[in-house]
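>>> after the sequence you'll find the predicted model.
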Amino acid sequence: MAAGKFVAYYRVSTQRQGRSGLGLEAQQAAVRAYLNGGEWKMLAEFTEVESGKRNDRPALAKALALCRVHRATLLVAKLDRLARNVAFISALMESGVEFSAVDFPQANRLTVHVLAAVAEHEATMISERTRAALAAAKARGKKLGGRRWQVGTVARQGAVASSIVRRARAADRKADLLPVIRAIRESGAVTLRQVAAALNRQGVPAMRGGLWTAAQVRLCGPNC
């Protein structure tokens, strides 16, 4: 039984389908059936009208931003077509957003990682074939050079990469929150405490989870 906050994301392939609703109505019906019962809240629904040649996903970007703001789950009607879309997989993996698929309820971000792992495996096989070719060349007497990687170097690089990812996600979160906080200020909130109260009324989790305080709004940055 579904529970929590959701943002729905639908995809149709052509402008004609977008105007006529062909395919879209079926996706919407599947989402409603999936959410039938339980304690849930639909924050918004986004529809992507795209062609096979388009790589940008503006509706998906908006849906993911709203999910990050509210710590909501992205809900898609059909995973099968989306899962084969490299742009969708990349955006979903980098977003840090949890998702649920109506046609594959057991799927989660781990599923997406598995799909990406297939591509990574192919790259590994290429690397192994390269190493085999180098070994064969060395056996033939060809002198090979190159830098040997040390364990400590790899560990340091991993720590740096992890730190970069964390900072990037924090920056994305602030960017997602900025228009929300601006709208709150434009509605009449003047003090940091008033902004925090408005965020809490809207159910927006604080930067590190929980309820907002004036201090947390201040930490969000001068533009907030």
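Alright, I've got the coordinates.
>>> for the chain, which segments count as strands?
Listed in chain order, the strands of the chain (DSSP state E) span 4-12, 40-49, 73-76, 99-101.
>>> least reliable of the ones you listed by average pLDDT, please.
Ranked by mean pLDDT, the strands of the chain bottom out at strand 99-101, with a mean of 85.
>>> just the pLDDT at residue 212, thanks.
Note for residue 212: predicted pLDDT of 90.
>>> quick revisit: in CSV: the strands of the chain, plus mean neighbour count and distance to residue 219.
Just so you know, the C-beta spots here come from the backbone N, C-alpha and C atoms, and that holds for glycine as well. Below are those laid out as CSV (neighbours: other Cβ atoms under 10 Å; distance: least, Cβ to Cβ, whole Å):
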stretch, mean neighbour count, distance to residue 219
strand 4-12, 22, 24
strand 40-49, 16, 24
strand 73-76, 23, 26
strand 99-101, 22, 28
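>>> could I get the ones you listed as JSON lines with distance to residue 206?
Formatted as JSON lines, these follow (distance: least, Cβ to Cβ, whole Å):
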{"stretch": "strand 4-12", "distance to residue 206": "15"}
{"stretch": "strand 40-49", "distance to residue 206": "17"}
{"stretch": "strand 73-76", "distance to residue 206": "19"}
{"stretch": "strand 99-101", "distance to residue 206": "22"}
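>>> residue 4 reaches residue 40, doesn't it?
Yes. With contact defined as Cβ atoms under 8 Å, residue 4 reaches residue 40; the gap is 6.0 Å.
>>> how close does residue 171 sit to residue 4?
25 Å (Cβ to Cβ, to the nearest Å).
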